[in-house]
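Chemist: Just a sequence and a predicted model for now, questions to come.
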Amino acid sequence: MGPGGPYRPLGAGKELPLRDRRIIAEHVRAVTFILGDPRRIVPSNTEQGYILRRLIRRIIRLFQKAGMESDCLRGLSAIVIDQYRDVYPELGENRDFILEELQKEQTLFSRILEEGLRKANRYLDSLEAGCRNEEQRGTGSPENGKPAMPSGELAFRLYDTYGFPIEFTAELARERGFAVDMDGFQRKFEEHQEKSRKASAGKFAGGLAEHSEQTARLHTATHLLGGALRKVLGEDVSQRGSNINAERLRFDFSFGRKVTKEELAQVEAMVNEAIDRKIDIVLEEMPPQEAWRSGAIGIFSEKYGDMVKVYTIPGYSREICGGPHAGNTEELGRFRILKEEASSAGVRRIKAVLERKES
């Protein structure tokens, strides 16, 4: 979205201040290296992906503030790749992935900005009109007497409903001479977090809600599902989350398009093939570094302790995991995919069940 959009930035067309240029340079370098990591971290609302998303969006915001096109981001990232690829070959190897993910996030954020900026500016317009018409201006910035936003509710609604960052709302308000009620925003944010915590109470890391035999079998099925997805869709596929209860499994994975019916049929058949082969699941314990070297797959590596459990289903999967698991794939019965859908940008979701085999 250029300077002709709903937000007309201050100083459009002017040279960026030195501080902003330094921020852009450091952020572009950071996001390029994060995206170039072999683990294929992508922008998201959790963990490392959230940090990556915030960095990218701050760059885009600075571009827009100066009236620059956001397409500059991909060009600057390409320069970083060319400068460092000899020392860090993974940047060159992942060049297409890096630039593609930047383009996806730019497109997504442009839509978010357009809607969020429209809502925020409409509200700020009404505040300015109120300031002109009212003698009593309330409690606001001591510099100009303008009122703060009456609560953090609007700022949180922009954040929660449109994904509009609170930093952007605060900056936009500051450019108009207003001050956002950050305390009110924080209260709403903490209320939201508390509701989320209560909703997920009782769940273990890795998505298990209980240690029943059925959830152990479903947990093993998620490993077979992940392995089958990598074989059918490509080794770039990686787990982005899971949730398991006694009835079904839910598995989120990185992939840029809808999985076809034919591909889903292949994945389902591959999981059932592993079940029919009656494979013993092997458990080993080792330091994380040894696990990585052995080819084990894992996520959220910063949470691992001195020793990790590695579960291997020979020929199909080798993963770092806390368990529990079935002892043999035969115990799983029959695997069936119920649904495949989008979870978020660049992330797909599969829901599946285990059924009794027909005798």
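Modeler: It's in.

Chemist: Let me see the ranges of the strands in the stretch 201-350 of the chain.
Modeler: Using DSSP state E, counting those that start in this stretch, the strands of the stretch 201-350 of the chain run over residues 239-244, 249-254, 282-286, 308-313, 317-320, 334-344, 347-355.

Chemist: these two touch, right, I350 and F251?
Modeler: Yes: shown here, I350 and F251 form a contact pair, counting by C-beta atoms under 8 Å, at 4.9 Å. Yep, even glycine has a C-beta here, placed from its N, CA and C like the rest.

Chemist: re the thing from before, closest to Y50 out of the strands of the stretch 201-350 of the chain?
Modeler: strand 334-344 (11.6 Å; C-beta to C-beta).

Chemist: For the closest one, which helices and strands make contact with it?
Modeler: Strand 334-344 is packed against helix 213-233, helix 261-276, strand 347-355, with contacts defined by 3 or more C-beta pairs under 8 Å, 6 or more residues apart in numbering; DSSP states H and E.

Chemist: pLDDT averaged over the longest one - what is it?
Modeler: Averaged across helix 213-233, the pLDDT comes to 91.

Chemist: Now do the SS call for the most centrally placed residue in the chain.
Modeler: Per C-alpha atoms, centre = their mean, the C-alpha nearest to the average position across the chain is that of S44, at 1.4 Å. What DSSP: H, G, I helix; E, B strand; the rest coil gives for S44 is coil.

Chemist: My read is that it contacts S344, right?
Modeler: Yes: here S44 lies in contact with S344, judged by C-beta under 8 Å, at a distance of 6.4 Å.

Chemist: F253: what's it in contact with?
Modeler: 226, 229, 237-240, 347-350 (C-beta atoms under 8 Å, 6 or more residues apart in numbering).

Chemist: beta partners for it?
Modeler: Listed by DSSP bridges, the beta-bridge partners for F253 are Q239, R348.

Chemist: Give me the helices and strands touching the top helix by length along the chain, please.
Modeler: Across the chain, the longest stretch assigned as helix under DSSP state H is helix 95-133. Where contact means 3+ C-beta pairs under 8 Å, 6+ apart, helix 95-133 is packed against helix 18-36, helix 47-65, helix 72-84, helix 153-162, helix 166-175.

Chemist: Quick one: residues in contact with the fourth one.
Modeler: Right, the one you point to is helix 153-162. Counting by C-beta under 8 Å, 6+ apart, 112, 115-116, 119-120, 123, 149, 164-166, 169-170, 180-182, 184-185, 188-189, 192 sit against helix 153-162.

Chemist: do the first one as well
Modeler: With C-beta under 8 Å, 6+ apart as the contact definition, helix 18-36 has outside contacts at 16, 41-42, 48, 51-52, 55-56, 58-59, 62-63, 65-66, 73, 76-77, 80-81, 84, 88, 90-91, 94, 97-98, 101-102.

Chemist: Please repeat the previous calculation with a cut-off of 6 Å.
Modeler: 41, 52, 55-56, 59, 62, 76-77, 80, 90-91, 94, 98, 101 (C-beta atoms under 6 Å, 6 or more residues apart in numbering).
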